[in-house]
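*Asks:* Any chance you could fold what I've pasted below:
(one chain, ligands or ions: 1)
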Amino acid sequence: ISKIAVLTSGGDAPGMNPCIRAVVRTGIYHNLQVVGIRQGYQGLIDNNMYDMTTRSVSNILNLGGTILKTARCIPFKSDEGMEIAYKHLKEHGIDGLVVIGGDGTFTGALRFSRKFPDISVIGVPGTIDNDLYGSTYTLGFDTATNTVIEAIDKIRDTADAHDRLFFIEVMGRDSGAIALRAGISCGAEAILLPERATAIDNLIENLKAGQFNKKSSSIVIVAEGDKTGGAYELAEAVRNEIKFYDVKVTILGHLQRGGSPSAFDRILGSRLGYAAVNALIKGETQKMVGLEANHIKLTGLEEALNQHQFKLEEDLMEMSEILSI
Ligand code: ADP
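*Replies:* Down below sits the predicted model:
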């Protein structure tokens, strides 16, 4: 390996910048040339890349988003698109690639490196959804959860002042990871997760019990992937049954993706970026770097994609119901 490139792809996540910084500086420390590719796979196809120096990544640890930009790139899904990307990488003499993104990004990376095995590829799990196999935590999940908690604490203040019931919808795609942790952290009265079914009748019973126990407000967190219904539908479904609360809905939306990365995500990003370059130097390819039991672990991209499902911790699910009585 003599020249590596780094890109961020798919959904952005806080922590991507600390990771880019670690890739660039670890590479340069080991006398590799490092190239930054803009806008994910689109930058490979458009030949939109630049040489990076230690100074290209100064003062970015605290920045949300990604200085390399990210994109969803349809042309990369075709053989022609991949061939153009390969041609550009070869023209620049790049023989190693670090891709930071989610499962879509890894699917593209695996296909690409099977087609062109002379380019080594290492993936870094970057998604707020925390839904990748092979890493207990993904980049951005901790920051997003903290952002959600901050927002819900504020909503709790106004809910309490007015005896309100809030349905708050949070991100996570098919994963309830953010919803579960935010729910425990904010003492939500109910947490609706894609990982467990909740009957509307039970939800109504819970809320009535809360009122009976003299709760002055109620917060129901709804994961966006929950199948019971979105926050608005749920609010409509309970409105007539729950007369004692004024029912409101808040969809937190894209604010959950932004913000300065937490200490945890800065360290995770640095650690995974460092590990990704070391893996390339050791001759690894088609692997993902992750963190398991606080140790760096390499998982085959194929295995990471096949296992996909990330299970929520049973004890957290049980506890969340007990602690909110
Ligand atoms: P994420 O990486 O966050 O899951 P996406 O699912 O949007 O985000 O994937 C990011 C990009 O990865 C896509 O825009 C596309 O360029 C590439 N990609 C996804 N699936 C494939 C595939 N089957 N083949 C090639 N590239 C893919």
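*Asks:* Tell me how far the residue of the chain positioned farthest from its centre lies from the ligand.
*Replies:* Here the chain reaches farthest from its C-alpha mean at Phe212, the gap being 38.1 Å by C-alpha atoms, centre = their mean. Going from Phe212 to the ligand by C-beta to the nearest ligand atom, to the nearest Å gives 44 Å. C-betas here are computed from N, CA, C, even on glycine.
*Asks:* before we move on, what about Asn17?
*Replies:* When C-beta to the nearest ligand atom is the yardstick, Asn17 and the ligand sit 16 Å from each other.
*Asks:* what packs against the one helix or strand that residue maps to?
*Replies:* Using DSSP states H and E, Asn17 sits within helix 16-29. Packing partners of helix 16-29 (3 or more C-beta pairs under 8 Å, 6 or more residues apart in numbering; DSSP states H and E): strand 3-8, strand 33-37, strand 96-101, helix 263-281.
*Asks:* pLDDT weak spots in the stretch 201-325 of the chain?
*Replies:* Across the stretch 201-325 of the chain, the ranges flagged by pLDDT under 70 are 308-310.
*Asks:* Could I get the full set of strands for it?
*Replies:* Here the stretch 201-325 of the chain has its strands, by DSSP state E, counting those that start in this stretch, at 218-223, 246-251, 287-292, 295-300.
*Asks:* In the stretch 51-200 of the chain, which residue sits closest to the ligand?
*Replies:* Of all residues in the stretch 51-200 of the chain, Gly104 sits closest to the ligand, at 2.0 Å by C-beta to the nearest ligand atom.
*Asks:* my guess is that residue meets Gly40, correct?
*Replies:* No. Assessed by C-beta atoms under 8 Å, Gly104 is found out of contact with Gly40, at 9.9 Å.
*Asks:* All the helices of the stretch 51-200 of the chain, in order from the start?
*Replies:* With helices called from DSSP state H, counting those that start in this stretch, the stretch 51-200 of the chain shows them at 79-91, 103-115, 141-162, 177-186, 200-212.
*Asks:* Can you tell me which of these is nearest to Glu321?
*Replies:* helix 200-212 (8.6 Å; C-beta to C-beta).
*Asks:* List the buried residues for the closest one?
*Replies:* Judged by neighbour count (16 or more other C-beta atoms under 10 Å), helix 200-212 contains these buried residues: 203, 206-207, 210-211.
*Asks:* List just the nearest of the residues you listed to the ligand.
*Replies:* The closest of the buried residues of helix 200-212, once distances to the ligand are taken by C-beta to the nearest ligand atom, is Leu203, at 30.8 Å.
*Asks:* Which positions in this structure make contact with the ligand?
*Replies:* Contact residues (C-beta under 6 Å from any ligand atom) of the chain with the ligand: 9-11, 41, 72-73, 76-77, 101-105, 107-108, 111, 127.
*Asks:* rerun that using 5 Å as the cut-off
*Replies:* Residues of the chain lying close to the ligand (C-beta under 5 Å from any ligand atom) are 9-11, 41, 72-73, 76-77, 101-105, 107-108, 111.
*Asks:* Who are the contact partners of the residue of the stretch 51-200 of the chain closest to the ligand?
*Replies:* Listed by C-beta atoms under 8 Å, 6 or more residues apart in numbering, the contact set of Gly104 reads 9-10, 72.
*Asks:* ok, and which of the strands of the stretch 201-325 of the chain has the densest surroundings?
*Replies:* Neighbour counts (mean count of other C-beta atoms under 10 Å) averaged over each of the strands of the stretch 201-325 of the chain peak at strand 218-223, with a mean of 27.
*Asks:* Which residues does it contact?
*Replies:* So strand 218-223 is contacted by 152, 155-156, 159, 164-170, 172, 175-176, 178-180, 182-183, 186-194, 203, 207, 210-211, 228, 230-231, 234, 245 (C-beta under 8 Å, 6+ apart).
*Asks:* switch the cut-off to 6 Å
*Replies:* Contact with strand 218-223 is made by 165-169, 172, 176, 179, 183, 188-194, 207, 210, 231, as judged by C-beta atoms under 6 Å, 6 or more residues apart in numbering.
*Asks:* Tell me the gap between it and the middle of its chain.
*Replies:* 20 Å (C-alpha atoms, centre = their mean, to the nearest Å).
*Asks:* and the angle for it with helix 177-186?
*Replies:* Calculated by axes from the mean of the first three to the mean of the last three C-alpha atoms, to 10 degrees, strand 218-223 forms an angle of 160 degrees with helix 177-186.
*Asks:* Read off the pLDDT value for the residue of the stretch 51-200 of the chain closest to the ligand.
*Replies:* On the pLDDT scale, Gly104 is placed at 96.
*Asks:* Likewise for Ala199?
*Replies:* Ala199 carries a pLDDT value of 86.
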